[in-house]
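*Asks:* Sharing a model that was predicted from the sequence below.
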Amino acid sequence: MSTEPRLAEVTDPEPAQQAAPRSDQAVKETLEDYTLRFAPRSYRRWTPMVVATTALGGIAYMADFSIGAGIGLAHGTGNALLAIGVAAVVIFVTGFPLAYYGARYNIDLDLITRGSGFGYFGSVLTSVIFASFTFIFFALEGSIMAQGLKLGLGLPLWLGYLVSTLMVIPLVIYGMTALSKLQVWTTPIWLLLMVGPLVYLVAADPGTVDRFLAYAGTDGEGGVNTASVLLGAGVCLSLIAQIGEQIDYLRFMPPKTEANKRSWWTAVVMAGPGWVVLGALKQAIGVFLAVYIIAEVGPTAAPEPIQQFKHAFDAMMPSWIVLPLAVALVVISQIKINVTNAYSGSLAWTNSFTRVTGRYPGRMVFVLVNLGFALVLMEADMFSFLNSILGFYSNCAIAWVVTVATDIGINKYVLKLSPHAPEFRRGMLYAVNPVGVVAFVAASGLSIAMYFHALGDTLQPYSPVAAAVIAFVLTPLMAVVTKGKYYLRRTDDGIPEPLLDEDGNPSAVTYECHVCRQQFERPDVAACRTHDAVVCSLCLSTDKVGDHVLPAAPAAV
C-alpha cells in the first residue's frame, strides 16, 4: 500500500466498499444542494445579480422590526439608533471576509470554518451554533406570521404556529433551484408593501419624524447611555450569524473573471456583508412604527409587525383592504426567510451529523428536525421573551464569526500562519485545531458569564464587546503560540492537477469518485489511500473505517 498516493488521471478504478452506503435519493439530494461539499462550476449557472437577489430575498424577515421596536421602546430612539449602528458596523466588517471566501471558493460557512482555525471535527461546535440560529429565527418569524393569521383570519396562535411551520416544507425540498425562483419573484412585492406605508406616513405627517426622534423610552430619560447602547447592540448582534445564510447562496456565485469582476464584487458586497444595511434600516423602521402606534396599542403590542403595518396601511388606504395587505406582507416575509432558515439549518445539522456518525441520512431528515425545534420554541411563546433569547445567543454567534473572520483577515493575510486557500476535506485537516476552538470557547464562555451577571452588574451590558474582543485577540495569539501547525494534517492531496485555475478560481477539471461513481470537480476530491483513484469529500466523510482517508504527513509551516 502506498502511503503517498499520486494520480495523473482516473481511468476505471476498482470500486471500494468501505464507505457507508447511501440511497440514490441521498446522492441526488447532495448533488442538488452540495451539502457537505464544494459547489462545482458546472452547477453555478446563475449570474452574480441573480445570486445576490436570491441571497437578499432571505433577509425579508420581519424580526428586524420587532428587534428595533423592542430596543427603542426600552431605551429610547437615540440609544436604539446608536445600538443599531454599532451592531451594523461590526456585522459588516466581520461579514466581508467570510462572504468573499464563500463566493470566491464556493463553499459554505461550515466548510470555511473547518479550515479557518477549527479543524474537521472542531467546527461541529459552530455548526450547532448556526443550526440553533436558524431554528431560533424560524420560530421568531413563525410567531410573527401566527400573529398575522390570528388578527386576519382568527386562527388561534397554536394553529398559526403549526401552519407557518408546515407550509415551508414543500418549498424547501428542492434546494437552490426552487429558492432562487421564489426569492426573485417575491422581492418586488415585498419591497413595495414594506416601503410604501413608511413613505406615505412621513410625507403626510412630518410630525411623526419629530415624535420618533424625541421618544425617550419606557425609562423616560431619553439621553444617550453607554449601557443602553451596548445592551441594544447585543440584541442586534444576535443577527451576526445571518452571514452564514447569505453564504449558503453566495457559494453559488460564478467564477470571478476580468469580464465580470465589477458585477461579481457588487453582488458579493451587496448580498454578503451588505445585507446588514437593509437590516439596520428595517430595525430603525421598527422603532419608528412602534412609536407611531404605541398610543393606540400599548407597549406590549407595539413590537408586533402585524400591528405596526396594520396601522400604517390604515393611514393610507380604505379599511377593507388594510388587514389583507398587512397579513399578505407578513406571510410573504415569513415564507421568504423561513425557507432559507429551514434550508440552511438542514445543511448545518447534516454537516454535523455526518461528520460525527459517518452516515448521511439525507438533508430532508434535518429539515424536519429543525422545524421540530422551531415549533417547540413557538409553542413555548418565545416571542414574549425575545430580547433575552437573542441577547444570550449573540455571545456565541459573535465569538464564532469574529474568530473565523480574524483567522481569514489576520492569520491568513497578515501573519500567514493559516493556509491561504481554504481546506475542508477529511484527511487534509486535523480533527481539532486549538486556534479557533480555544478562542471561540474562551470568548463565548466568558461573555456568557458576563451576560448572566457572574462578573457583576456593571459589566453585564459589555458581554457582546467581550465576545468580540476576546475572539479577535486570542485567534492570532493562538496561531502564533501553535505556529500554525494544526491547520493542515498534510499539504498534498495526491492529485497533481492544481486546485485553482489561472484566474485563481477553483479548477473545473472533473474526476470520478470510485466509491459513488459520480463526477466531481477538482476541489471536491482527494486521492484514495488504498486505490489508484480519487474519492469525493462526502464519501470521505462517510468512510467509517478510514480506508480511503490519506495518512498524516508533515504540514508546511
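*Replies:* Sure thing, it's come through. Residues are numbered from 1 along each chain as shown.

*Asks:* Which helix runs longest in this structure?
*Replies:* The single longest helix within the chain, with elements called by DSSP state H, is helix 319-357.

*Asks:* hey, C-alpha coordinates of stretch 40-52 in CSV?
*Replies:* Taking C-alpha atoms only, stretch 40-52 is exported to CSV below (Å, rounded to 0.1, in the frame of the first residue of the first chain):
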residue,chain,number,x,y,z
PRO,A,40,-19.0,22.9,-8.7
ARG,A,41,-18.7,25.4,-11.6
SER,A,42,-21.0,23.2,-13.8
TYR,A,43,-23.9,23.8,-11.3
ARG,A,44,-23.3,27.5,-10.8
ARG,A,45,-25.2,28.7,-13.8
TRP,A,46,-26.7,31.9,-12.2
THR,A,47,-25.5,35.4,-12.9
PRO,A,48,-24.0,37.4,-10.0
MET,A,49,-27.1,39.6,-9.8
VAL,A,50,-29.5,36.6,-9.6
VAL,A,51,-27.4,35.1,-6.8
ALA,A,52,-27.4,38.4,-5.0
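
*Asks:* buried sites along that stretch?
*Replies:* Pro40, Arg41, Tyr43, Arg44, Trp46, Pro48, Val50, Val51, Ala52 (16 or more other CB atoms under 10 Å). Heads up, the C-betas are built off the backbone N, CA and C, glycines and all.

*Asks:* Can you list the neighbours in contact with that stretch?
*Replies:* With CB atoms under 8 Å, 6 or more residues apart in numbering as the test, stretch 40-52 has contacts from 34, 54, 106, 180, 184, 249-250, 252-255, 260, 263-264, 266-268, 270-271, 505-506, 508, 510, 520-521, 524.

*Asks:* out of those residues, which are buried?
*Replies:* Applying 16+ other CB under 10 Å to the contacts of stretch 40-52 flags 34, 54, 106, 180, 249-250, 252-255, 260, 264, 267-268, 270-271, 505-506, 510, 520-521, 524 as buried.

*Asks:* now, which of the residues you listed lie within helices?
*Replies:* Thr54, Ser180, Tyr249, Leu250, Trp264, Ala267, Val268, Met270, Ala271.

*Asks:* Can you redo the buried residues of stretch 40-52 as CSV, where the extra columns are secondary structure?
*Replies:* Shown next, in CSV, are those (DSSP: H, G, I helix; E, B strand; the rest coil):
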residue, secondary structure
Pro40, coil
Arg41, coil
Tyr43, coil
Arg44, coil
Trp46, coil
Pro48, helix
Val50, helix
Val51, helix
Ala52, helix
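
*Asks:* Pull out the buried residues from stretch 145-156.
*Replies:* Within stretch 145-156, the residues scored as buried using 16+ other CB under 10 Å are Met145, Ala146, Gln147, Gly148, Leu149, Lys150, Leu151, Gly152, Leu155.

*Asks:* Could you do stretch 77-94 as well?
*Replies:* 77-88, 90-92, 94.

*Asks:* In strands, which of the residues you listed appear?
*Replies:* Per DSSP state E, strands hold no members of the buried residues of stretch 77-94.

*Asks:* what's the closest of those residues to Ser228?
*Replies:* Asn79 (4.1 Å; CB to CB).

*Asks:* what's the distance between the nearest residue in space to that closest one that is not next to it in sequence and Ala74?
*Replies:* In space, not counting the residues next to it along the chain, Asn79 is nearest to Ser228; the distance is 4.1 Å by CB to CB, 6 or more residues apart in numbering. Computed as CB to CB, to the nearest Å, the Ser228 to Ala74 distance reads 8 Å.

*Asks:* Now Val534: phi and psi?
*Replies:* Torsion angles at Val534 (phi, psi; degrees, to the nearest 10) stand at phi -120, psi 160.

*Asks:* hang on, isn't it packed against Arg517?
*Replies:* No. Using CB atoms under 8 Å, Val534 makes no contact with Arg517, being 11.6 Å away.

*Asks:* ok, the two, which is more surrounded?
*Replies:* Neighbour count, other CB atoms under 10 Å: between Val534 and Arg517, Val534 has more, with 27 against 11.

*Asks:* For the more buried one, which residues are in contact?
*Replies:* Contacts for Val534 (CB under 8 Å, 6+ apart) come out as Leu7, Val10, Ile495, Tyr511, Glu512, Cys513, His514, Phe520, Val525, Ala526, Ala527, Cys528.

*Asks:* if you look at those residues, which of them are in strands?
*Replies:* Those of the contacts of Val534 lying in strands (DSSP E): Tyr511, Glu512, Phe520, Val525, Ala526, Ala527.

*Asks:* dump the residue contacts of Val365.
*Replies:* Under the criterion of CB under 8 Å, 6+ apart, the neighbours of Val365 are Thr350.

*Asks:* mind checking how far it is from His311?
*Replies:* Distance, Val365 to His311, using CB to CB: 42 Å.

*Asks:* Same question for Val356.
*Replies:* Between Val356 and His311 the distance is 49 Å, computed by CB to CB.

*Asks:* Which one of these two is surrounded by more residues?
*Replies:* Neighbour totals were compared for Val356 and His311, and His311 leads with 19 against 11 (other CB under 10 Å).
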